[in-house]
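Trainee: Compute the structure for the input listed below.
(2 chains, ligands or ions: 1)
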Amino acid sequence: MNPALSELGRIYPPERLLVQPGQLVPYESDALTAFRARPLAVVLPETTDEVVQTIGWCARHKVPYVARGSGTSLSGGSLPVEGGLVIGLNRMNKLLRLDPAERVAVVQPGFINLEVSNAAAPYGLYYAPDPSSQPVSTIGGNLAFNSGGAHCLKYGMTSNHVLGAKVVLPTGEIVELGSQSLEGVGPDWLGLFVGSEGLMGIAVEVTLRLLPKPEKYHTVLAAYDSLEKAGNAVAAVVASGLLPGAMEIMDHLAIEAAEAAVKAGYPMDARALLIVELEGEAPEVEAEARHLGDVIAASGAYEVRVARDADERAKIWKGRKAAFSAVGRLSPDYLVQDGVVPRSKLGQALLEIERLSQQYGLRVANVFHAGDGNLHPLILYDGKVKGQLEQAEALAGEILKLCVSLGGSITGEHGVGMEKKAYMPAMFSQADLALMRRIRRAVDPDELANRGKMFPHSEAPALTPHGPHPLEKAGVIWRE
Amino acid sequence: MNEGLLIRPSEVAEVQEAVRAHPKSLPRGGGTKAALSTPREGQAVLDMTGLSGVLEYDPAEYVLVALAGTPLAEVEALLARHGQYLPFDPPLAELGATLGGTVAAGLSGPMRQRYGGVRDFILGVRFVDGEGEVVRGGGKVVKNAAGFDLPKLMVGSLGRLGVLVELAFKVFPFPKATATLKVTFDRLEEALEAMYKLASSPLEFYALDLETNPATLTLRLGGQPEALPSRLERLRAFLGHPPDTHTLLLEGEKERDYWRFVGRLEWGHGYLVKVPIQPSRIAGLERELPAGMRRYISAGNLLYLNWPDSIEKLDNLLKSQGLRGLVLRGDAEPAVSETLKSPLIGVDWEHSFARRVTAALDPHNRFSPNP
Ligand SMILES: Cc1cc2nc3c(=O)[nH]c(=O)nc-3n(C[C@H](O)[C@H](O)[C@H](O)COP(=O)(O)OP(=O)(O)OC[C@H]3O[C@@H](n4cnc5c(N)ncnc54)[C@H](O)[C@@H]3O)c2cc1C
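Mentor: The predicted model follows:
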């Protein structure tokens, strides 16, 4: 063991300091499996103090590090820095405080998203942000990526539900951002920290806001013979002045995959399915449901189903939430993008994606948050076929540029991470990026925290030269 | 008193020029929050009302983009023509407040109860930083996770991190019908208890306000007109059918007038102070506060307070309660800048994160009120 590592050995017992190649393999990539990098070591802290000591060690030895929750990032956010340290936070997974009267929960970063709602359920409360990964992803990861879910349009993303965070800065200092109130005075420092993709330090305690569970849901599934009709239906719902909690669309390929995987009972011949969900006070939802019924009836749906009970509702959502992994089964590998376009440009974007799919000869499945224009094209490829990954990456890049050219964003919820950093200049000017970089360096002068992510041209040289990474040789990752 | 320089840029380039040309500057919108826009010694005032106008608005997108000096009233009138509104319900609109001033002060009003405050609805921002560069953060679509969330950072930044020139917001449809029920209680404790119960119930309110003298809850419902009567009935039942002498129902034009009046926050003599709070701290604070005008909004998360006495005393009181505050305007306006060391009470702008980020945005301290 090198001397620096043995210093780490004084902080961690051997079972929480992983250095053997076999132990490191599971940490070499996240849910964006196309990228892979071997860390120097993985540490598994159990206390804030251990995190502080670890950050101190990294600062002293100038070792870059990546915090890791469950490693479900789809943008390479939790990909290790080659030769750097991975700080695995899964063991810091306690619910520190649940205050149903004040409707807040204080959790450690490794606490699982869905567990928050489970803990709050006995009090009629829940935690609103619901990424599809909620049974596994952590609050720390959600916070770092400002994760979204199907219910963002009405209730916002993670950032809108985090009240406060205790953060260990890259300098080892501890700060408390936010409070327990929904309001603040002075700049919204917490707002800046949330969504900073692990580049500004490690959250070790997070205060979350809980909401009362809606009294009633009204979930509608409508089948269309074209994607365009489903898209127009969304526009019609919006034009009617209704504000549904969720509006989701799945295309034919996604429907087929979800059906094969979880047997949600979807109409199999549909070219597009639209899920619209209203929720709230019972009398209000009942009234809205009548208006929604009229809008959907006029939208050209050839089949409409309304969930009659919680079971039927769960079934409708099951297919949607399983769509990612289900599509994954259709193909050895897939990439998923999450670009955003203005809602009125959805149809145009989907047509263009279809054209690109044909041009590249790669299948693309679409499941998306139609209410907020957040696309989720899943690009299917076979990594074993030479050149296909590169083709898939190139297709993904074209989709991102398309989103920007239509006035949207390269990412609605999965973050920039490793994968989309080359496209940041499509969205932001040199001056914008320079300022963000200045903020980053002010907070983390040595750029140790999640080095190499978010900023274009930010690939730092590996600490211990192994020669080019296999993927680098293959031209998949590069040091700009 | 600072004789001061007043500049009224009408283009973004002029803002850049002004920032570069002056060692110290302070942006000002409508001037409705004098404690925040009165210059200190050596600060040039950038009157931002010349940068005004809505740039993009397509009701179908739920997005509005406007220059920072645009009056709230203009934005609200435009949105209302399309049945939409700013869900964070900014106060002081009628008095001439601008979008930029509202964001910089971080102000939301009673209707923040339903969907959130200004931080939850700001989507994008363009501003001139301390180097005189124009930079942009966020975007113009309702969902976006690319880059650092500079739009949120600018909420409450008080001109200290840059001069806002353009802002993008998410907007929502305004409910088709609204009604407001005012319920008075014999004691504050009863009102607080009811507030807690209502806030954790599935009943949904556009506003859930508490006033203290007499203890009153003001509850605004909104939604489909045909559902309102039964919802009001349920609400009364939930409150245990309070006697008619204790309730007042406002509807129609009268109701809208009432809320317009509330949004003026005009309470006469004294300082107007914003205090972020949480429900559990209200009873303790109330024991110390003198009688006077104030309103706890959003189920006890935000207090607008009229403070008749010296700021020093308020400073002590808030700190002793573990609270922070922001003085928005004072009674004797010209005196404010002399006596008020800072409009911020109990706010730590010196913690490491704040210091570092501030230095990155304003390396030459051009926006610092201190010499
Ligand atoms: C099947 C599937 C479905 C998904 N669905 C959605 C979805 O619907 N919506 C959505 O938004 N995302 C979705 N994701 C993406 C992913 O789940 C989210 O980004 C999630 O927030 C990551 O959580 P994690 O615990 O796995 O974090 P990780 O992947 O381990 O880490 C993510 C990032 O957070 C940083 N980080 C982790 N913990 C901390 C901490 N305590 N402090 C500071 N930084 C930290 C890491 O450094 C890394 O950069 C999905 C992923 C999968 C695989």
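Trainee: give the contact list for the closest residue to chain B within the stretch 101-250 of chain A.
Mentor: Nearest residue of the stretch 101-250 of chain A to chain B, counting by C-beta to the nearest C-beta: A:G191, 2.7 Å away. Bear in mind the C-beta positions are built from the backbone N, C-alpha and C, glycine included. With C-beta atoms under 8 Å, 6 or more residues apart in numbering or on different chains as the criterion, the residues that contact A:G191 are A:159, B:119, B:149, B:152-153, B:155.
Trainee: Give me the spatial nearest neighbour of it, chain neighbours excluded.
Mentor: Nearest non-adjacent residue to A:G191, counting by C-beta to C-beta, 6 or more residues apart in numbering or on different chains: B:K152, 2.7 Å away.
Trainee: Could you do B:E211 as well?
Mentor: Among residues not flanking B:E211 along the chain, B:R295 sits closest, at 5.6 Å (C-beta to C-beta, 6+ apart).
Trainee: name the helices or strands packed onto the helix or strand containing that neighbour?
Mentor: For B:R295, the enclosing helix or strand under DSSP states H and E is strand B:294-297. Contacts defined by 3 or more C-beta pairs under 8 Å, 6 or more residues apart in numbering or on different chains; DSSP states H and E place strand B:294-297 against strand B:207-212, strand B:302-307.
Trainee: In stretch B:202-218, which residues are buried?
Mentor: By neighbour count with 16 or more other C-beta atoms under 10 Å in any protein chain shown, stretch B:202-218 contains the buried residues B:203-212, B:215-218.
Trainee: I'd like to know how far the residue nearest to B:E211 sits from chain A.
Mentor: Distance, B:R295 to chain A, using C-beta to the nearest C-beta, to the nearest Å: 13 Å.
Trainee: would you list every one of the helices in chain B?
Mentor: Remark: helices assigned in chain B by DSSP state H are B:12-21, B:34-37, B:72-81, B:99-105, B:112-115, B:118-121, B:150-154, B:188-199, B:228-238, B:252-262, B:282-288, B:311-320, B:333-339, B:352-361.
Trainee: And the helices in the stretch 301-450 of chain A?
Mentor: A:310-321, A:323-329, A:346-360, A:388-405, A:424-427, A:430-443 (DSSP state H, counting those that start in this stretch).
Trainee: interface residues of chain A facing the ligand?
Mentor: A:30-31, A:66-74, A:77-78, A:89, A:109, A:131-133, A:137-138, A:140-142, A:144-145, A:147-149, A:197-198, A:202-203, A:324-325, A:413-414, A:450 (C-beta under 6 Å from any ligand atom).
Trainee: cutoff 5 Å now
Mentor: A:30-31, A:66-74, A:77-78, A:109, A:131-133, A:137-138, A:140-142, A:144-145, A:147-148, A:198, A:202-203, A:324, A:413 (C-beta under 5 Å from any ligand atom).
Trainee: tell me the contacts of the residue nearest to B:E211?
Mentor: B:110, B:209-211, B:262, B:303-304.
Trainee: and if you look at A:N450?
Mentor: Counting by C-beta under 8 Å, 6+ apart, A:N450 has contacts A:64-67, A:77, A:81, A:197-199.
Trainee: what about 6 Å?
Mentor: Listed by C-beta atoms under 6 Å, 6 or more residues apart in numbering or on different chains, the contact set of A:N450 reads A:66, A:198-199.
Trainee: Quick check: which ranges of the chain have low pLDDT?
Mentor: Reading this off chain A. A:1, A:458-480 (pLDDT under 70).
Trainee: you looked at the wrong chain, it should be chain B
Mentor: For chain B, the ranges with pLDDT under 70 are B:1-3, B:331-339.
Trainee: Farthest from the middle of it: give me that residue.
Mentor: B:P243 (34.3 Å; C-alpha atoms, centre = their mean).
Trainee: Return the residues in contact with the residue of the stretch 151-300 of chain B found nearest chain A.
Mentor: Among all residues of the stretch 151-300 of chain B, B:K152 sits closest to chain A, at 2.7 Å; criterion: C-beta to the nearest C-beta. Neighbouring residues of B:K152 by C-beta under 6 Å, 6+ apart: A:188, A:191, B:119.
Trainee: now these as a markdown table including distance to A:Y126?
Mentor: Listed next are these as a markdown table, based on distance: C-beta to C-beta, whole Å:
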| residue | distance to A:Y126 |
| --- | --- |
| A:D188 | 25 |
| A:G191 | 23 |
| B:R119 | 21 |
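Trainee: Distance check, the closest residue to A:K420 other than its chain neighbours against A:C403.
Mentor: Closest residue in space to A:K420, ignoring its immediate chain neighbours: A:I410 at 5.2 Å, by C-beta to C-beta, 6+ apart. Here A:I410 is placed at a distance of 6 Å from A:C403 (C-beta to C-beta, to the nearest Å).
Trainee: would you turn the helices and strands packed on strand B:294-297 into JSON lines with distance to A:D311?
Mentor: Putting the helices and strands packed on strand B:294-297 into JSON lines (distance: least, C-beta to C-beta, whole Å) gives the following:
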{"stretch": "strand B:207-212", "distance to A:D311": "33"}
{"stretch": "strand B:302-307", "distance to A:D311": "40"}
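Trainee: Dump those to TSV, plus distance to the ligand.
Mentor: Shown next, in TSV, are these (distance: least, C-beta to the nearest ligand atom, whole Å):
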stretch	distance to the ligand
strand B:207-212	30
strand B:302-307	28
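Trainee: Can you report how many residues lie near A:T171?
Mentor: 17 (other C-beta atoms under 10 Å in any protein chain shown).
Trainee: OK, now which residue of the stretch 151-300 of chain A is nearest to the ligand?
Mentor: A:G198 (2.9 Å; C-beta to the nearest ligand atom).
Trainee: That residue touches A:F145, doesn't it?
Mentor: No: judged on C-beta atoms under 6 Å, A:G198 makes no contact with A:F145 at a distance of 8.5 Å.
Trainee: what about these two, which has more around it?
Mentor: A:F145 (31 against 27).
Trainee: Spit out the residues that contact A:I410 and A:C403 alike.
Mentor: What both A:I410 and A:C403 touch, as defined by C-beta under 6 Å, 6+ apart, is the set A:G339.
Trainee: Please identify which of the helices and strands packed on strand B:294-297 is closest to B:R20.
Mentor: Ranking the helices and strands packed on strand B:294-297 by proximity to B:R20 (C-beta to C-beta) places strand B:302-307 first, at 36.9 Å.
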